[in-house]
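Novice: Take this sequence and fold it.
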Amino acid sequence: MKNKLIKGLVATAVLAALAGCNNDDTTPATSLPEVEITPFSTCAEAGDACTSFTVLHTNDNHGRFWENKYGEYGMAARKTLIDQIRAEVKADGGESILLSGGDVNTGVPESDLQDAIPDFIGMNLIEYDAMAVGNHEFDNALSVVEMQRNLANFPMLAANIYDKATGERYFDPYKIFTINGLRIAVIGLTTEDTKKIGNPEFIGGLEFTDPKVEIKKVIAEIKAAKSADLIFATTHMGHYEDGANGSNAQGDVALARAVTEGDLNAVIGGHSQNPVCMKEGSYDDEFAPGGDCMPDQQNGTYIMQAHEWGKYVGRADFEYFNGKLHLESYALVPVNLKEKNDAGDRVIIDTQIEPDETVYEILKYYQDKGQESLTEVIATTAVKLDGDRTIVRLKQTNLGHLLATAQTTKVDADIGVMNSGGVRADIEVGDISYKDVLTVQPFGNTITKSDMTGAEVSAYLGEVATFQIGSGAYAQLTGIKMSVDCVAKTVAITDINGKGYDTAGTYSVTVPSFNAAGGDGYPKLSSAVMTGYVDAEVLYTYLKAKASIAAGEFAPDVSDVTYTNSLSADGCQLPAVE
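Specialist: Purely as a prediction, here's the structure:
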């Protein structure tokens, strides 16, 4: 309708000009009159010239196909909520699309033991339209990735992952959807960090290129073909405030800033696992479940992320008129999230969402199957063991030190190095089950042992101990006393495992096989001995033998490892580069 209006106005102007041309030679020709076209102010004013549609999104599912013990989130309730929103959008004359920001795999034993089959089945039942490929999709061999790709009723998208053998992209780079008459291209992109945080054993045949370069290639292809009206990206790259990504690869902010303004309309993201709610250009510290949320906007591109685990469904209601995209409203809709009241009882924050019966029954089979043999109590703890990513990636914790201690004890080593990205959850006070063990360490890494001279230990830790806080590379360290210079990237060691320190002495170090192979950007340890002990099994046997953990046990001594030239006393944190 808008185009018809414009054509009508132009035709009127042309007729007026032609009428002026019929004057005789003595009469001055009438010039073409200027036609001022007033743009519509609202979608309602534009009427049929406005198209409305809704983007729904989640990210970082990490095996949470089932609700937690408090009845929060879970795919059955997610299905009910999404169907309700779809019906509402349709009743208002719109259409919707559902996207995932990736990382379907890894995090809950019931899912991990079944290669995330229940999660992909759940996504099929909820009817996702597309997903970005996350780095944790490569926690398993490529045969598992292929199984999941074949199982999914939706495309797994990644424009920046190539098969080294063929030189071709391993996944489809994008797909075009027609939503309420608009052609929307959705480009998939994966964090470049996958090449260092993915398991080298599984991704050796793949190349992960710069998403900022790849998106320009794909946008140029789409524009040349004139195949889309709007271009979106579903990414697994992370959102970092004002682009300050620290030791992480650049994320969605850098991506949006790298393209020509207007070329990329929106980014639906994942990886950093944060609710991207902004206030005056910074994270909104006052955001709480059920509260208002304003997504980021960089270089004309909306950037959104819905925290993690299906705790929220992101809902972006768009309107397209005057040739431009407008965000009419945005919300992170909580999925049965609860909070404690004054009496200490957990109460629903928003509206109780009843689980979809069909999805519930289908997934219950997998939940019951996965829980077999996981309920065995192997130990108890009198203190909460801190493994949540918001803590363990920022400072030394008792759980980080427990894991490193279990590994050094198993192989009689001096120094324990445990990457914080390999610690996936807290362990609460009380009984510790086998399920807790697998939740904390789901990756199945083997413990390696390396003999090094004191000088080699110093050089190795000069790299490892200076990874910045906030990244999975941040190292939990036991058996060593030293000072770390975060700028010079050097360490001054005073003691190793009570043996003192000698540059010519020999010491042994345990490192997960993932990191020994170069994962997380760690130096490769070509001489590392593969002990054959799997990390979860090491933790299981250590806890079972120990039986109980006392309050204060494994608490880090902050004087053991100190940091200089850093904004943080708990690890290396350098000022953002302007």
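Novice: got the buried residues for stretch 420-433?
Specialist: For stretch 420-433, a neighbour-count test (16 or more other Cβ atoms under 10 Å) marks 420-427, 432-433 as buried. C-beta coordinates here come from the backbone N, C-alpha and C atoms, glycine included.
Novice: try stretch 268-288
Specialist: 268-278, 283-284, 287.
Novice: With stretch 411-419 instead?
Specialist: 411, 413-419.
Novice: I'd like the buried residues of stretch 268-288 as CSV, with secondary structure and distance to residue 545 appended.
Specialist: Formatted as CSV, those follow (DSSP: H, G, I helix; E, B strand; the rest coil; distance: Cβ to Cβ, whole Å):
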residue, secondary structure, distance to residue 545
268, strand, 46
269, coil, 43
270, coil, 39
271, coil, 37
272, coil, 37
273, coil, 34
274, coil, 38
275, strand, 41
276, coil, 44
277, coil, 45
278, strand, 49
283, strand, 43
284, coil, 47
287, coil, 44
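Novice: just the helices in the stretch 301-450 of the chain please.
Specialist: 357-371, 389-392, 398-411, 434-440 (DSSP state H, counting those that start in this stretch).
Novice: Okay, the closest residue to residue 191 other than its chain neighbours and residue 223: tell me how far apart.
Specialist: Spatial nearest neighbour of residue 191, excluding adjacent residues (Cβ to Cβ, 6 or more residues apart in numbering): residue 237 at 4.7 Å. Distance of residue 237 to residue 223, given as Cβ to Cβ, to the nearest Å: 22 Å.
Novice: what does residue 455 give?
Specialist: 55 Å.
Novice: What of residue 519?
Specialist: Taken as Cβ to Cβ, the span from residue 519 to residue 223 is 37 Å.
Novice: And these two? Which one has more around it.
Specialist: residue 519 (27 against 13; other Cβ atoms under 10 Å).
Novice: so the more buried one touches residue 193, yeah?
Specialist: No: using Cβ atoms under 8 Å, residue 519 is not in contact with residue 193; the gap is 10.1 Å.
Novice: Identify the contacts common to the two.
Specialist: Counting by Cβ atoms under 8 Å, 6 or more residues apart in numbering, no residue touches both residue 519 and residue 193.
Novice: Could you look up the SS state of residue 81?
Specialist: helix (DSSP: H, G, I helix; E, B strand; the rest coil).
Novice: mind listing what residue 481 touches?
Specialist: Going by Cβ under 8 Å, 6+ apart, the list of residues near residue 481 reads 493-496, 559-561.
Novice: Would you agree it falls within a strand?
Specialist: Yes: assigned with three-state DSSP, residue 481 falls within a strand.
Novice: Dig out what residue 179 forms beta bridges with.
Specialist: residue 182 (DSSP bridges).
Novice: mind checking pLDDT for it?
Specialist: What the model reports as pLDDT for residue 179 is 97.
Novice: where's it relative to residue 53, distance?
Specialist: Counting by Cβ to Cβ - residue 179 and residue 53 are separated by 5 Å.
Novice: And residue 463, by the same measure?
Specialist: Counting by Cβ to Cβ - residue 463 and residue 53 are separated by 48 Å.
Novice: So the two - more neighbours on which side?
Specialist: The neighbour count for residue 463 versus residue 53, taken as other Cβ under 10 Å, is higher for residue 53 (23 against 16).
Novice: nearest to residue 227, of the helices of the stretch 301-450 of the chain?
Specialist: Among the helices of the stretch 301-450 of the chain, helix 357-371 comes nearest to residue 227, with 34.3 Å by Cβ to Cβ.
Novice: Contacts made by the closest one with the rest, please.
Specialist: 65-66, 75-76, 79, 109-111, 113-114, 117-118, 121-122, 125-126, 435.
Novice: Which of the residues you listed fall within helices?
Specialist: Counting by DSSP state H, the part of the contacts of helix 357-371 found in helices is 75-76, 79, 109-111, 117-118, 121-122, 125-126, 435.
Novice: Can you tell me which of the residues you listed lies closest to residue 170?
Specialist: residue 117 (21.0 Å).
Novice: re earlier: nearest to residue 324 among the buried residues of stretch 268-288?
Specialist: Nearest member of the buried residues of stretch 268-288 to residue 324, counting by Cβ to Cβ, is residue 268, at 19.1 Å.
Novice: just the strands in the stretch 151-300 of the chain please.
Specialist: 156-157, 161-163, 174-179, 182-190, 206-208, 230-236, 266-268, 278-279, 282-283, 296-298 (DSSP state E, counting those that start in this stretch).
Novice: Just put those in CSV and tack on distance to residue 399.
Specialist: Below are the strands of the stretch 151-300 of the chain laid out as CSV (distance: least, Cβ to Cβ, whole Å):
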stretch, distance to residue 399
strand 156-157, 33
strand 161-163, 33
strand 174-179, 40
strand 182-190, 29
strand 206-208, 30
strand 230-236, 26
strand 266-268, 32
strand 278-279, 32
strand 282-283, 26
strand 296-298, 32
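Novice: Out of those, which gets nearest to residue 312?
Specialist: strand 266-268 (12.9 Å).
Novice: Relative to the closest one, what are the paired strands and their orientations?
Specialist: strand 230-236 (parallel), strand 301-304 (parallel).
Novice: List the contacts of that strand.
Specialist: 55, 57, 59, 99, 101, 132, 232-235, 252, 255-256, 301-305, 314, 316, 325.
Novice: Mean confidence (pLDDT) on it, please.
Specialist: Here the average pLDDT along strand 266-268 is 98.
Novice: Quick check: the residue nearest to residue 191 touching residue 253?
Specialist: No: the pair residue 237 and residue 253 does not pass the contact test of Cβ under 8 Å, sitting 9.3 Å apart.
Novice: Same drill for these two, tell me which one is more crowded.
Specialist: Higher neighbour count among residue 237 and residue 253: residue 237, with 35 against 25, using other Cβ under 10 Å.
Novice: Need the pLDDT of the more buried one.
Specialist: pLDDT, residue 237: 97.
Novice: same check, this time on residue 422
Specialist: 95.
Novice: which residues do residue 179 and residue 53 both contact?
Specialist: 95-97.
Novice: Inside helices: which ones of those?
Specialist: Among the shared contacts of residue 179 and residue 53, no member lies in helices (by DSSP H).
Novice: just curious, which of those residues is nearest to residue 205?
Specialist: Distance ranking of the shared contacts of residue 179 and residue 53 against residue 205, using Cβ to Cβ, places residue 97 first at 32.2 Å.
Novice: Excluding chain neighbours, what is closest to that closest one?
Specialist: residue 129 (5.0 Å).
Novice: Let me know whether that neighbour touches residue 177 as I believe.
Specialist: Yes: using Cβ under 8 Å, residue 129 is in contact with residue 177, at 6.4 Å.
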